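*Asks:* Structure for this input, please:
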Amino acid sequence: MTGGASGIGFALSKALVEAGMKVVLADIETHALDFAVKALRELGGVVQGVSCDVADADSVVRASETAFEAFGHVHMICNNAGVGDGGGIDNIFLDSWRWVIDVNLMGVLHGIRAFLPHIRAHGEGGHIVNTASMAGMNSGLGFSAYSASKFAVVNMSEGLAAELKSLGIGVTVICPGFVRTRIMESGRNRPDRYGSARTPDPNSPDGKLLAHLIELNQAGIDPADVAAQTLKAIRENRLYVFTHPGGEWRTEVEERFTAILAAMDKAARRST
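*Replies:* Numbers count the residues shown, from 1 in each chain. Prediction:
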């Protein structure tokens, strides 16, 4: 479980422990990781913690080796670690884009690369869980590294599901709306190689958007709700988990799909 020390990752780890699974928590935030491992062990969980930077392929490989050494065959991987940073067209910072893409997209790839060959080799089946977002289903956040990365995670998950179905390996992609996590404080774990985190002027468009997103995030659902829905989806071998009811989220998705289908219809008319 990457990003397992807090938020959705910790809630899902707790749900898996309660379901009787052995769990390896991987996180870049070592203080929170120690606390999370202790908390789950106090619940009777068989839990191993490992420090891991998912943006670093070698770090993820080392985490996988820890899991194999601790528990032998691994049957489920949860690529959950994620960060958020500013978007929009006014301040396009390459280091921020690289950080978000390296964690949210490459982190998922690194997890799949490190664990999938092992799951295929033992032949006992398994499941891959990737955490995306409703930002991966619509463009409500505008021009954003976060949305771009989550769109990619949805696509990767769909492709994996098609390729792995015949091998008895399921795939679930979580697409939550706003959840009460610390993703708005992602900068606390930003490695030095990506430069320092930037705080926008509160009166700027970026600053006002950030303040609004923080409010929405604080009013979001409990991570435990996401975990419960995800565990049910894993058991039912469902690809998508949409944690929030329709409403605005459905409207945004429908508007996007309607525009895509209209463009396809226009292309079809040109070809006749």
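*Asks:* show me where pLDDT drops low in the protein?
*Replies:* Scanning the chain for pLDDT under 70 picks out the ranges 272.
*Asks:* in the stretch 51-200 of the chain, which spans are helices?
*Replies:* For the stretch 51-200 of the chain, the helices defined by DSSP state H, counting those that start in this stretch cover 57-71, 94-100, 107-122, 145-164.
*Asks:* Other residues contacting the helix or strand where Ala267 lies?
*Replies:* Using DSSP states H and E, Ala267 sits within helix 247-270. Contact with helix 247-270 is made by Met134, Met137, Asn138, Ser139, Gly140, Gly177, Phe242, as judged by CB atoms under 8 Å, 6 or more residues apart in numbering. C-beta here means a position set from N, CA and C on the backbone, and glycine is covered the same way.
*Asks:* How many residues are close by the closest residue to the second one other than its chain neighbours?
*Replies:* What sits nearest to Met137 in space, not counting adjacent residues and going by CB to CB, 6 or more residues apart in numbering, is Val253, at 5.3 Å. Counted with other CB atoms under 10 Å, the burial measure for Val253 works out to 17 neighbours.
*Asks:* Gly82 contacts Arg182, correct?
*Replies:* No. In this structure, Gly82 is not within contact of Arg182 by CB atoms under 8 Å, at 11.0 Å.
*Asks:* Who has more neighbours out of the two?
*Replies:* Set Gly82 next to Arg182 and count neighbours by other CB under 10 Å: Gly82 wins out with 27 against 13.
*Asks:* which residues does that one contact?
*Replies:* Applying CB under 8 Å, 6+ apart, the residues contacting Gly82 are Gly3, Val103, Asn104, Gly107, Thr131, Ser133, Ile183, Ser186.
*Asks:* Could you measure from the last one over to His73?
*Replies:* Using CB to CB, to the nearest Å, one obtains 33 Å as the distance from Ser186 to His73.
*Asks:* what do you get for the fifth one?
*Replies:* The spacing between Thr131 and His73, counted by CB to CB, is 23 Å.
*Asks:* out of these two, which sits in the more crowded spot?
*Replies:* Per other CB under 10 Å, whichever of Thr131 and His73 has more neighbours is Thr131, with 30 against 13.
*Asks:* follow-up on the earlier one: which two in the contacts of helix 247-270 are spaced the farthest apart?
*Replies:* Greatest spatial distance in these: Ser139 and Phe242, 16.8 Å, computed using CB to CB.
*Asks:* So the two - more neighbours on which side?
*Replies:* Between Ser139 and Phe242, Phe242 has the larger neighbour count (other CB under 10 Å), namely 18 against 15.
*Asks:* The more buried one contacts Val154, correct?
*Replies:* No. Counting by CB under 8 Å, Val154 is not a contact partner of Phe242; they are 11.3 Å apart.
*Asks:* Can you work out which residues contact both of the two?
*Replies:* With CB under 8 Å, 6+ apart, Phe242 and Val154 have common neighbours Cys175.
*Asks:* quick one on the thing from earlier: output the helices of the stretch 51-200 of the chain as CSV; include the columns distance to Asp34 and mean neighbour count.
*Replies:* Shown next, in CSV, are these (distance: least, CB to CB, whole Å; neighbours: other CB atoms under 10 Å):
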stretch, distance to Asp34, mean neighbour count
helix 57-71, 15, 17
helix 94-100, 24, 19
helix 107-122, 21, 19
helix 145-164, 28, 19
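*Asks:* With Ser204 as the reference, name the closest of these.
*Replies:* The nearest among the helices of the stretch 51-200 of the chain, by CB to CB, is helix 94-100 at 15.5 Å.
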